[in-house]
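Novice: Provided below are the primary sequence and the corresponding predicted coordinates.
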Amino acid sequence: MMLLQVNHLQKIFQTRFSKEKTIALQDVNFSVEDGEYIAIMGESGSGKTTLLNTLATLDKPTSGSVILNGHDVTKIKENKLAEFRREHLGFIFQDFNLLDTLSVRDNIFLPLVLGRQKVRVMEQRLEKLAPKLNIADLLNKQPFELSGGQKQRVAIARALITEPELVLADEPTAALDFKNSESLLALLEGINETGQTILMVTHSAIAASHAKRVLFIKDGRIFHQLYRAKREAAEFMQEISMTMTNLLGTEVR
Ligand SMILES: Nc1ncnc2c1ncn2[C@@H]1O[C@H](COP(=O)(O)OP(=O)(O)OP(=O)(O)O)[C@@H](O)[C@H]1O
């Protein structure tokens, strides 16, 4: 089933007082099947964040459409956007975005509380998620008591607890060391294997190599894609790095 279709997406930034325009997205086209794990790669300034923000309905495109499950999310009214995001999308950010005044449990429950979900339902879902994410012992702690890796696993629980159609991740390993990055990437891969569709933006070839398909963006256009097929992440990473070097003319981290 087709979950997401991005058609002729264009985003032009223009400041109010200057005539200068920046074309952040020129003409972006791609689609995502239900159950895919997509990484979007590109160098700094290529339009990755702008694309992610548009898919997340945090920003409106200049033109084009983003069809999620048959509905154009770019047409959703301002006062319905928060509810739409809560019900259909999960977010994982590079800096975790946990609220320090709430316990880990309440951070995870937050999107469900806002959606007025029953306590029983919330607890049942958390009971299933917590052991998978290895956070069962952390639920009564405050975020500032956790390590970076633990914080990101809590953030993943918060993203998954609403059972979203699509999880959007923005450089989820950027603030983690190598070991924690590797285990987080393995975890995301496992979550995808259970059927969760994930779209991740990154400029790390290592992170991208854990996805099933990598889209390369340059100057606001998708210009190339690679499929992982049955390969190990390490082998796929070689091809991603080579693609970045050859086609973008940049060295990657
Ligand atoms: N709010 C804004 N106003 C004006 N220009 C912007 C705005 N946001 C982004 N841009 C410009 O749009 C282009 C794409 O930026 P974007 O942040 O999407 O790139 P990126 O690929 O995410 O880069 P990075 O990897 O450095 O985060 C850049 O030229 C940027 O300067």
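Specialist: Arrived safely, thanks for sending. Keep in mind that this is a model prediction, so the values were computed, not measured. Numbering: from 1, shown residues only.
Novice: Tell me the buried residues in the helix ranked longest in the chain?
Specialist: Assignment by DSSP state H gives helix 178-193 as the longest helix of the chain. Buried residues in helix 178-193, counted by 16 or more other CB atoms under 10 Å: 180-185, 187-188, 191-192. For glycine as for every other residue, the C-beta is placed from the backbone atoms N, C-alpha and C.
Novice: Stretch 147-158 too?
Specialist: Those would be 148-158, for stretch 147-158 by 16+ other CB under 10 Å.
Novice: can you check stretch 53-73 too?
Specialist: 53-57, 59, 61, 64, 66-68, 73.
Novice: re earlier: any idea which of the buried residues of helix 178-193 is closest to Glu87?
Specialist: Of all the buried residues of helix 178-193, Glu87 sits closest to Ile191, with 19.1 Å by CB to CB.
Novice: Tell me who's in contact with that closest one.
Specialist: Applying CB atoms under 8 Å, 6 or more residues apart in numbering to Ile191 gives the contacts 156, 160, 167, 198.
Novice: mind listing which of the buried residues of stretch 53-73 are in helices?
Specialist: 53-55.
Novice: in what helix or strand does Phe30 lie?
Specialist: strand 21-33 (DSSP states H and E).
Novice: got the buried residues for the following helix or strand past that strand?
Specialist: Later in the chain than strand 21-33, the nearest helix or strand by DSSP H and E is strand 37-41. Within strand 37-41, the residues scored as buried using 16+ other CB under 10 Å are 37-41.
Novice: Pull up the residues of the stretch 1-150 of the chain that are close to the ligand.
Specialist: 13, 22, 24, 42, 44-50 (CB under 6 Å from any ligand atom).
Novice: Determine which two of those residues are furthest apart.
Specialist: Between all members of those, the farthest pair (by CB to CB) comes out as Phe13 and Gly42, at 16.9 Å.
Novice: Give me the more crowded residue out of the two.
Specialist: Gly42 (24 against 13; other CB atoms under 10 Å).
Novice: Do I have it right that the more buried one meets Val214?
Specialist: No - using CB atoms under 8 Å, Gly42 and Val214 do not qualify as a contacting pair, with a distance of 10.3 Å.
Novice: With distance to Glu235 and pLDDT as extra columns, can I get the ones in helices among the buried residues of stretch 53-73 in TSV?
Specialist: Output for these, formatted as TSV (distance: CB to CB, whole Å; pLDDT from 0 to 100):
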residue	distance to Glu235	pLDDT
Asn53	32	95
Thr54	32	96
Leu55	29	96
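Novice: quick one: which of those residues is nearest the ligand?
Specialist: Ranked by distance to the ligand (CB to the nearest ligand atom), those are led by Asn53 at 7.7 Å.
Novice: Now the closest one. Nearest residue, chain neighbours left out?
Specialist: Counting by CB to CB, 6 or more residues apart in numbering, Asn53 lies nearest to Asp59, which is 4.0 Å off, once chain neighbours are set aside.
Novice: What ranges does this protein have for its strands?
Specialist: 2-14, 21-33, 37-41, 63-68, 71-72, 89-92, 166-170, 197-202, 213-218, 221-227 (DSSP state E).
Novice: The shortest one packs against which elements?
Specialist: Contacts defined by 3 or more CB pairs under 8 Å, 6 or more residues apart in numbering; DSSP states H and E place strand 71-72 against no helix or strand at all.
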